[in-house]
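Colleague: got a structure for you, letters missing:
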């Protein structure tokens, strides 16, 4: 049977992809951000070795524009190309999908009353590729298959935190009912506090972010009750991306413990957060 | 957050956040062509055409005169008011060769250097920036 063995939370700040691609990871402004992933890079390669990652992210007006705005879209294709975000695609490998598992999850979710959008062809942007880079570094092929799960957090309203958590729980049920023996991780990406617009741009709330990281562990499910307006007031307009971490947390079941945690301010406009979680029962 | 049944009061709260334009349906509708125009700059051939004659390229899109003028002036706060979304507007400032930090700082009334210094110092504090009415 397929099983969810771990969850990862991780910001997907585009400049980290830039720093990696231009061999600047050891420069003083980027080094502290990358150093916080050393533990995870070793762990994922030597110990965790997932077969498939369900990678929850958002598209930033790269593949999806204003024509069609799916709330939850699951990538069921064989491969996903890399978006040209305006200065050429990142020089990273294409992303290999896991269509059998993805279609199984899509069917299971729809029958479980989550009305997913099924996407067979799409390119993925920094929201998906930056976390892969942070976890695997410079590789000729990604050593893992990826099921992209794109969430609309750009056009209001995004899904509620509670809905995201419940979707995570439904993903766990779907994975558990897949017959093949697969080691699956769920990653929630985006955040942490940042605001990229208006006179209030640059807002960072380290205290709030760290409370959020605290509450991803243990058996509390308080985070699912946070209202959109609280994310906006406390963590900036783009802090809303943190609802995507709740899909990851929901998929890990009743309780978790943190294996690793990292927080750094700033990376360009943004607070960087990273956590590795394991289900405990 | 669980189920919300009152859309109007859900939206009304966003107006109380200082210095922030949440990308709600009203803005998404007003800015539809503005954002789709920005999206068109993802293609190198469109970037070249835009750079060669900005006004002529803008005139190919059914945007308001105000939107076109704000685009020509690169007035990003005005563009947010007129329905622009920052991820779409990013295609415009990327075409200009600006980073997110450089472009975003123009919306804050600070110089790029001042803005960067604020970020390196831990970012803008949320104190006093949460609510207009409560001054928190």
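Modeller: Arrived safely, thanks for sending. Since this is a predicted model, take the numbers as computed values, not measurements.

Colleague: how many neighbours does residue A:220 have?
Modeller: Using other Cβ atoms under 10 Å in any protein chain shown, residue A:220 has 12 neighbouring residues. From N, CA and C alone the C-beta is placed, and that goes for glycine too.

Colleague: how about residue B:17?
Modeller: Residues near residue B:17, counting by other Cβ under 10 Å, number 21.

Colleague: now the spatially closest residue to residue A:164 that is not a sequence neighbour. Its backbone dihedrals?
Modeller: If the residues on either side of it in the chain are set aside, residue A:164 comes closest to residue A:246, at 4.2 Å by Cβ to Cβ, 6 or more residues apart in numbering or on different chains. In this entry, residue A:246 is assigned phi and psi values of phi -70, psi -20 (degrees, to the nearest 10).

Colleague: which residues sit in contact with residue A:246?
Modeller: Contacts for residue A:246 (Cβ atoms under 8 Å, 6 or more residues apart in numbering or on different chains) come out as A:161, A:164, A:165, A:168, A:188, A:223, A:224.

Colleague: what does the host helix or strand of the fourth one contact?
Modeller: Okay, so that is residue A:168. Per DSSP states H and E, residue A:168 falls inside helix A:161-176. By Cβ under 8 Å, 6+ apart, the surrounding residues in contact with helix A:161-176 are A:1-4, A:54, A:72, A:101, A:104-105, A:108-109, A:112, A:114, A:151, A:159, A:184, A:186, A:221, A:223-227, A:243-244, A:246-253, B:1-3.

Colleague: how close does residue B:136 get to residue B:21?
Modeller: Separation of residue B:136 from residue B:21 (Cβ to Cβ, to the nearest Å): 20 Å.

Colleague: and the residue of chain B at minimum distance from chain A, what does it touch?
Modeller: The nearest approach of chain B to chain A comes at residue B:123, 2.7 Å away (Cβ to the nearest Cβ). For residue B:123, the contact set (Cβ under 8 Å, 6+ apart) comprises A:193, A:202, A:203, A:204, A:265, A:266, A:271.

Colleague: can you tell me which of these are in strands?
Modeller: Using DSSP state E, A:265, A:266, A:271 are the members of the contacts of residue B:123 that sit in strands.

Colleague: and for the one residue in the stretch 151-281 of chain A that gets nearest to chain B, nearest residue in space, chain neighbours not counted?
Modeller: Closest approach between the stretch 151-281 of chain A and chain B, counting by Cβ to the nearest Cβ: residue A:204, at 2.7 Å. Among residues not flanking residue A:204 along the chain, residue B:123 sits closest, at 2.7 Å (Cβ to Cβ, 6+ apart).

Colleague: can you check residue A:222 too?
Modeller: Closest residue in space to residue A:222, ignoring its immediate chain neighbours: residue A:215 at 5.6 Å, by Cβ to Cβ, 6+ apart.

Colleague: neighbours around that neighbour, how many?
Modeller: If you count neighbours by other Cβ under 10 Å, residue A:215 ends up with 15.

Colleague: cool, residue A:82 as well?
Modeller: Neighbours around residue A:82, by other Cβ under 10 Å: 20.

Colleague: can you tell me who it pairs with across the strands?
Modeller: Judged by DSSP bridges, the bridge partners of residue A:82 are residue A:124.

Colleague: out of the ones in strands among the contacts of residue B:123, which is most surrounded?
Modeller: Counting by other Cβ under 10 Å, top hit in the ones in strands among the contacts of residue B:123: residue A:271 with 28 neighbours.

Colleague: next, the contact list for residue 125, please.
Modeller: Picking chain A for this. Contacts of residue A:125 were listed using Cβ under 8 Å, 6+ apart, and they are A:59, A:60, A:62, A:63, A:82, A:83, A:85.

Colleague: my question was about chain B
Modeller: Residues in contact with residue B:125 (Cβ under 8 Å, 6+ apart) are A:203, A:204.

Colleague: quickly note the distance from it to residue A:204.
Modeller: On the measure of Cβ to Cβ, residue B:125 and residue A:204 end up 8 Å apart.

Colleague: try residue A:178
Modeller: From residue A:178 to residue A:204 the distance is 40 Å (Cβ to Cβ).

Colleague: looking at those two, which one has more neighbours?
Modeller: residue A:204 (27 against 18).

Colleague: doesn't residue B:124 make contact with that one?
Modeller: Yes: between residue A:204 and residue B:124 there is a contact at 6.5 Å, judged by Cβ atoms under 8 Å.

Colleague: now do stretch A:137-150: distance from first to last residue.
Modeller: Start-to-end span of stretch A:137-150 (Cα to Cα, to the nearest Å) is 22 Å.

Colleague: what residues of it count as buried?
Modeller: Neighbour counts over stretch A:137-150 (16 or more other Cβ atoms under 10 Å in any protein chain shown) mark A:142, A:143, A:144, A:145, A:146, A:147, A:148, A:149, A:150 as buried.

Colleague: how about stretch B:41-55?
Modeller: Across stretch B:41-55, burial judged by 16+ other Cβ under 10 Å covers B:41, B:42, B:46, B:47, B:49, B:50.

Colleague: that stretch vs chain A: in contact?
Modeller: Yes: for stretch B:41-55, a contact with chain A is found by Cβ under 8 Å from any Cβ of the partner chain, at B:41, B:42, B:47.

Colleague: from these, which land in helices?
Modeller: When DSSP state H is applied, the residues of stretch B:41-55 next to chain A are split such that residue B:47 fall in helices.

Colleague: can you lay out the residues of stretch B:41-55 next to chain A as CSV showing distance to residue B:132 and pLDDT?
Modeller: Shown next, in CSV, are the residues of stretch B:41-55 next to chain A (distance: Cβ to Cβ, whole Å; pLDDT from 0 to 100):
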residue, distance to residue B:132, pLDDT
B:41, 34, 95
B:42, 36, 92
B:47, 38, 94
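
Colleague: would you mind naming what in the stretch 1-150 of chain A lies close to chain B?
Modeller: A:14, A:15, A:60, A:61, A:62, A:65, A:66, A:67, A:84, A:85, A:86, A:87.

Colleague: and the two most separated of those?
Modeller: By the measure Cβ to Cβ, A:15 and A:67 form the most distant pair in the residues of the stretch 1-150 of chain A next to chain B, at 28.1 Å.

Colleague: those two: who's more crowded?
Modeller: More crowded of residue A:15 and residue A:67, by other Cβ under 10 Å: residue A:15, with 20 against 8.

Colleague: chain neighbours aside, what residue packs nearest to that one?
Modeller: Per Cβ to Cβ, 6+ apart, closest to residue A:15 is residue A:268, 4.6 Å.

Colleague: just confirm the one you found contacts residue A:13, I think it does.
Modeller: Yes: using Cβ under 8 Å, residue A:268 is in contact with residue A:13, at 6.4 Å.

Colleague: that concludes my questions; thank you for your assistance.
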